[in-house]
Every structure is written in C-alpha cells, then in structure tokens.
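1. Build me a model from this:
(chains A and B)
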Amino acid sequence: MIISQLGYYSLIFGLLTSILIFFNSSIQIKKNDTVISSKTTGLIGFQFFFVIISFISLIYSFIISDFSNETVFNNSHTTKPLFYKITGTWGNHEGSLLLWLLVLTGVLLGFIFKSKNEPNNYRQLTVLFHQIIVMGFFVFVLKTSNPFNEIFPVATEGLGLNPILQDPALGIHPPILYLGYVGTSIIFSAALASMISSYVNKSWAKEIKFWILFSWFFLTGGILLGSIWAYYELGWGGFWFWDPVENVSLMPWLSLTALLHCVVTLEKRELFKNWTVVLCIITFALSMAGTFLVRSGILNSVHTFANDPSRGIYILTFLLVLVLLSFVIFVIYENKNFARKSKIFVLSKETSILVNNWFILYFLSVVLIGTIYPIFLDVILDEQISVGPPFYNKLILPFLIPFVLFMSIGPNMKWIKTNFKIGVKSFFVIIFTLVLSFITIYFIGDKNIFVLLLFIGFFYLLIKSLDQLRNRTKNYAQIFSHIGFSLLLISILLNSFSSKEVIKNIQVGESFTLKNEKIIFKKIAVEKEKNYESIIGFFEILDGKNKIINLQPEIRIYNEPEMATSEASIKTSLFTDRFITINIIKDQNFFNVRYQHKPFMIWIWISTLIIMLGGIFAIFRKNKEINI
Amino acid sequence: MQFLEKIKKSIFSLIILSLLIISFFVFKFALQKEKIYTPKMSDNQIFTDFEVVELIKENQINFNKVLFGKNFYLINIWSSWCEPCKDESDKLLDLKKDTPIMMIGINYKDKKKNALNFLKSYGNPFDKIFIDKQGTISINFGAYGVPETFLIDSDNKVLKKYVGPLNEKDVYEIKKIVNN
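-> Below is the predicted model of the structure:
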C-alpha cells in the first residue's frame, strides 16, 4: 500500500524534475553558458533515480502480491512463480510504460556522461529536446496509465498473468527490446540539437554512432528473443509471422540499419548530412508510431477490451507534435548545414552505401504499407482486410537479390573512388558460388529458377564476406554482421523450403510416419504444478537408423486465468529441429498430434547472434582511422 | 535557379505536411471507430432498428419488420461450432411444437454450409434465421456469447434472458409465460 504510494509520488517528482531541467536548460541556452551546469546534471540523475524508485516499487508490489494495486490485481496471482511475478511487472500496459520511462531517462543520463567532450550548446539542446519527450511520457503515464491506481475493497486474489506470457524468453524480451526501441529517443534529440547548433559533422557522427549501435544491438536482441518465444511458445512452428506487432519492431530496426551505414559516411566523408538527420528523426518517429499502434489497441481488435481510446489519442497527438517540431526545425536549419557538396563517384563506397539506403528504405516502406494499409482501408472504405506473408514475400524477395549483390561488393569499395579489377579470384568465387547453389537446390529438390537466384545471391554474399577475413585491414564489425546476415537469409530460405509436417488424430499406442521416421504415441501422464496442471504426451521417434528420440509435448491448463496452452516439445540438432505439439479433441480419446521437421532452425538464431556480434565489435572498436 | 529550388522545397514540405496531417486524422478516426460494441438497450427494450440478412435466401430486411404480428418472440443465438447448441436444439424444437412463439435464430460467426448442415442434423426449430457474421447483431441484443436466448414481447421488451443452453426448467418457464 505505502510502497504503491511511494511509486506514485516518485513519478510526480520525476515530472517536476523534468520541468525544472527544461527551464534550467532553456535559461542556460539563452545565456550561452559554456559549461552544462552541475544543477542540470544532478537533476537528470535525480530524475532517473525517481523513475527507478517508482519501478522498484511496482516490482515490489508484484512480488508481495499487493492486490490493492490495480495493475498487480489485473496481472498477477499469488500462485505464480517468483520469476513471473517479476516479469509480470512489464507484461502489461502500465508497467511497460514505466519501463519506457526508465529507459528514456536512463539513456539521457548515459548521454550526459558519454558526451563530456562535446560542445556545450549541443549537449544543452539535446537535454532540452529529450526533456520534451520525457515530460510527454510522464504526463501520459500519470494521466492515462498510472501503474499505481488503488482499488478498494482490496481483493484477496489477482486475475493472473496471461499464461502465454509466462515464458523465460518473453520475460526478458521487453527490457531488451525497449533498450533498443526507446534508445532511439536520444538519437532523435541529439539530431535536432546538432541541427540547431550546426554540429552535423564528423565529430557528431562519431558521437552519435555509439547510440545508434547501442539501439541497433538491443533492438536486434529484442527481436531475436521475441522470435524465439514465438517459435517455442506459440506452438505453430514459425518464428516470424509478419504480424503488425512484429512489424513495428522491424521498422525501426530497418531504419537504424540504414542509419548506421549512413552515419559512417558522415563520419568519414562529411556527406549525407541532411539524410542522416532525416533518418534519425524517422527512426524515432517509427518507434513512437509502433508504441502507438501496439498500445492503442488499434491493431488487434481482439485485445481491445480494456483499452481506453484516450491513450491512443494522446500518443498520436504527442507523436504529431514531435514530428511537426522536428519538421519545422529541419526546414529552418537545413540550409545552414548544407555547407559543401562533394562529388560522388559511381564506383565508391559512398555510392554503395547510398544504394544500401535506397534498398533498406524500400523494404521499410513495404513493411510500413503492409502494416498501416489495413487501417486506412478500414477507415476510408470500411473494409476489413489483413495483409499476410504473400504480400511481403512478393515485394521483398525479388529485391533481395540485387540488394545482397551490392552488399557483397560494397565493402570492397574504397572511399572517394575505386578502380575495379576483375581478376582470376573473382572468377573462382563466382564458380564456387554457382556450384554451391546448384548443390543446395539439388538437395532441397525445388527446381525453381527464382529460388536458385536467391541462393546464388545469398551464397555469394557469404563467400565474399568470408573472403574479407583474409584482408590485411579487417573491419570485423562489418564482416561479422554481413556473414551473419547472409547465413540468416540462407537458413530462412532452407527452412521455409524443406520444412515438413504431418497432422494426425491418434490414440495412445498408435503411430504414424513422416518420411522414414516412425512416431509412436507411448503414453499420457498428468502432472500438477504450482500454477497449472499439465497433460504430457510421451512420444518415441524412430529415425531411419533406428535411433530413438523421445519427445514430450504438453498441454498446460493454467488455473489463473483458466486457459489451456500447448507446449511444444522440440529436439534440436545441428541440421534440423523435430517439433511436436498435441491438442485435446473435445470429449474424445483422440489427440490431435502435429509433428514437424524444421531444418536449420538453430542457424536462424546463431546467425542473428553473429549479426549482433558484429554490433559488439563496432561498439568496442578503437576509434582509429582504419579504412572500413 | 534559386527561386526554383525554393519552390521545389516548399512543395515538398507541403506534401509531407499534408501526408502527416492526413495520417493523423486517419489514425484518429481508426481509434474512434467502434470496435467494442455496446448494446444499445434502453429500459430493457431491445434495439431493433438495424438491417439483417437471412441465412437461406440472403435477402436484407429491417429487424423491425421481422418483429411484427406476434405476441411473443424467442431470439436464439446459435452456431454450428457451438457444442451446447446441439444439446439445446431439442428444447427449441419442443418449444416450437408446443407454443405459438415466433422463433428467430441468429447464426453467430458461422459458415453457411456448416450452419445448414447443423440444421439438417439437429432439426430446424426456427421460423426465421439471420446471419451475424461479425457478431455485432448479437451484441445489439446484449448477448454475451453462444448460446443465448431472449424472450421478447410485442413491445420489444425482454421478458427473459437465458445465458447458456436452455434446460427443462427454462422451457417450462417459457411455456408458462407464453401460454398464460
């Protein structure tokens, strides 16, 4: 009870510090102070501290199951394991917004410490713009989504956390994702500040690159965890569904990826100044828009019960205000930064990065249109449609081929101008790629020229990236993320073309086959856990070499709230995943069994980790002048 | 030249601005668009002024015209995928046989083929059947789900509301009200 109050008042104090910082910075900017005052720095520290106190209070309320708190009552239950009590804190609207605030104030503090050597005016302005965002979110949380609402009379038991959210990967997914997602806010504030203070140059690029990489790294990790969760928990055997909620995390990722290539050009050549700033603004606008789409309940009407339209209107208006603000600033200050125009040669790293940006922007617009088109159609023509994978496949896949080709040759280009020689080596690389692709096509048995072209492109990128490891000056960041990316594409392609499945209704003791494997339904057992009861099916898989693999899929019947979930049982090996799920058929002794072969699943996760490894290299690379 | 540049820039800015503002309003309307239907009931009287489509002939008709000329109407919300509806069907047939009520079926979120098969296997107790593909008509009646049954008099007043399948006692109660 008292703890809830503490959390609530901490939030109010946080908002007050925000107003103080805002005025303090405004005054300092007016006075043209040469150093950022310790008052401002202190206040930023305090602000972060207040949000932490508030966040800890909420976690504590969840741990002790304080059902006088409405958020806890709605999303927790005494029988839940401690881990899920804690992760339940951000598994709901109010708590996740508190997490937003935590990251939002945290990155500003990080920025203040990291940017000590930057011009003061730029730092002040960044603080100022960031505080506008912070204030907006404080008001949003306090006004429409207070996590510390009290209910009376106090309930003795809570409503429980949605069982499908009770999963370790999903427990840590929101904090990781938010570090990336909300991390983009500091990029936005800094971009506006740098425009006004005419600081869009090499040193700014160096400074902001850290935050771009930071956001990109965590966003990649967050998306990875989300996919892993979807694969293991949802039991459909897929890892990406082009669901709007997934798309809104992919869009900022795409624009961050474009941005991190673009900012390198700014750092090395002082080119693409305006473009870099525009990308910074777009990135944050996309992540705000994502928050709006997910949080307002505009997307999935199934979950709109508890949603309050005032929340949606608030974020939407706030987003418009921020975008308009940045638009006005951009239009006013654009010319000032437009100092010189350098000539760009066709065969140069600059061109290849520009091409990369065009492609990424194209992919981004496809995803954006696919996500919001149904909303527009619903409003304007009152028609309900949903955009599915065929749309994305058709519009994205063909363009991946030229994209990866540019990606393969781009890194070998030099800044300013490249003289291209086609030597014997390139010839061998091409032959090797072709042979590899033909062998792959032969094994998956799909004689489609388009698939062959995709494989050729992806393998070419992989081989070219691996080849770079032999260079004298190596850029591990770029090499690893490109290797990871090509491996990712190859694994996804292999996975989608050679997945196999059987769905059967069978009883205990019966069996069925998939290719040369025999699947035997041995027995069924019922076990009681703390917060659910589980029905476990015991299956034996006899593969071609008569090796026995045991799989135990479950059906869990959670008690609070009462809900059945299907837990897949998965046996992972280097080349394929064996994936089995069961479902009860009502009033019958039969079980619906779904058995799948998912080749190269583990490689999808591994390659994403390799991409992230590239990010780590980039973050910790010494800032020496190496040719990247 | 510079003048042209300026014009180009302002046109570009205008386009972006209008796009932003249009998107804002589209999203705003999308938010306000009712996704959660609340029953438009007042004083226990059901709301009847809306169009409905018949299951078999697929012709459109105002629901007001359906509720005409009888003293009692029984509205039953059912679906072929609903297990309890199967148990309920003989109760409805029983009511059809023994009372002069006009039986109206609302086929809730269903496929036509399945619905017709259902009627074939379990009998058709209804005088009229209307489709409710989106589930919004049922909500107009204030229904929670399937099956659900409303007994209405000639003033469109809800006399009785049964959530879940009808049982023997309910059938007896309905008969008593109607045959009095």
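2. Report the secondary structure element holding the residue nearest the centre of chain B.
-> Note on chain B: the residue nearest the mean C-alpha position is residue B:137, at 1.9 Å, using C-alpha atoms, centre = their mean. Secondary structure from DSSP states H and E places residue B:137 in helix B:136-140.
3. tell me the SS of residue A:199?
-> Assigned by DSSP: H, G, I helix; E, B strand; the rest coil, the conformation of residue A:199 is coil.
4. Tell me which stretches of chain B form strands.
-> B:51-54, B:60-62, B:72-78, B:102-108, B:128-132, B:148-153, B:158-163 (DSSP state E).
5. care to break chain B down by domain?
-> B:1-33, B:51-179 (automatic domain parsing).
6. so which of these comes closest to chain A?
-> domain B:1-33 (4.3 Å; C-beta to the nearest C-beta). The way it works is simple: take the backbone N, C-alpha and C, and place the C-beta from them, glycine included.
7. which SS class is the residue of chain A positioned farthest from its centre?
-> Note on chain A: the largest C-alpha distance from the chain mean falls to residue A:509, namely 43.6 Å (C-alpha atoms, centre = their mean). Three-state call for residue A:509 (three-state DSSP): coil.
8. pLDDT-wise, which helix or strand of chain B ranks last?
-> Lowest on mean pLDDT, DSSP states H and E among the helices and strands of chain B sits helix B:136-140, with a mean of 75.
9. Likewise for chain A?
-> strand A:563-567 (a mean of 77).
10. who does the helix or strand containing residue A:556 touch, helix- and strand-wise?
-> Secondary structure assignment for residue A:556, by DSSP H and E: strand A:554-558. Contacts defined by 3 or more C-beta pairs under 8 Å, 6 or more residues apart in numbering or on different chains; DSSP states H and E place strand A:554-558 against strand A:532-542, strand A:563-567, strand A:576-584.
11. pull the CA atoms of the helix holding residue B:137 into PDB?
-> Output of helix B:136-140 as PDB, limited to C-alpha atoms (Å, rounded to 0.1, in the frame of the first residue of the first chain):
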ATOM      1  CA  THR B 136     -22.300  -7.400 -33.800                       C
ATOM      2  CA  ILE B 137     -26.000  -8.000 -34.100                       C
ATOM      3  CA  SER B 138     -25.900 -10.400 -31.100                       C
ATOM      4  CA  ILE B 139     -24.200  -7.600 -29.100                       C
ATOM      5  CA  ASN B 140     -27.000  -5.300 -30.000                       C
END
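12. Output the contacting helices and strands for it.
-> strand B:102-108.
13. The strand it packs on pairs with which strands?
-> strand B:72-78 (parallel), strand B:128-132 (parallel) (DSSP bridges).
14. what does the shortest one contact?
-> Spelled out, that is strand B:128-132. Residues outside strand B:128-132 that contact it (C-beta atoms under 8 Å, 6 or more residues apart in numbering or on different chains) are B:52-56, B:63, B:66, B:77, B:102-110, B:112, B:115, B:119, B:137-138.
15. which among these end up buried?
-> B:52, B:55, B:63, B:66, B:77, B:102-110, B:115, B:119, B:137-138 (16 or more other C-beta atoms under 10 Å in any protein chain shown).
16. rewinding a little: same list, the strands of chain B, but as a markdown table with mean pLDDT and distance to residue A:538 please.
-> What follows is these, written out as a markdown table (pLDDT from 0 to 100; distance: least, C-beta to C-beta, whole Å):
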| stretch | mean pLDDT | distance to residue A:538 |
| --- | --- | --- |
| strand B:51-54 | 86 | 50 |
| strand B:60-62 | 84 | 55 |
| strand B:72-78 | 90 | 39 |
| strand B:102-108 | 89 | 39 |
| strand B:128-132 | 89 | 43 |
| strand B:148-153 | 86 | 41 |
| strand B:158-163 | 80 | 40 |
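17. As a markdown table, those strands with distance to residue A:135 would be great.
-> Output for the strands of chain B, formatted as a markdown table (distance: least, C-beta to C-beta, whole Å):
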| stretch | distance to residue A:135 |
| --- | --- |
| strand B:51-54 | 48 |
| strand B:60-62 | 52 |
| strand B:72-78 | 49 |
| strand B:102-108 | 47 |
| strand B:128-132 | 46 |
| strand B:148-153 | 48 |
| strand B:158-163 | 47 |
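18. Which among those is found nearest to residue A:89?
-> With respect to residue A:89, and counting by C-beta to C-beta, the nearest of those is strand B:158-163 at 35.6 Å.
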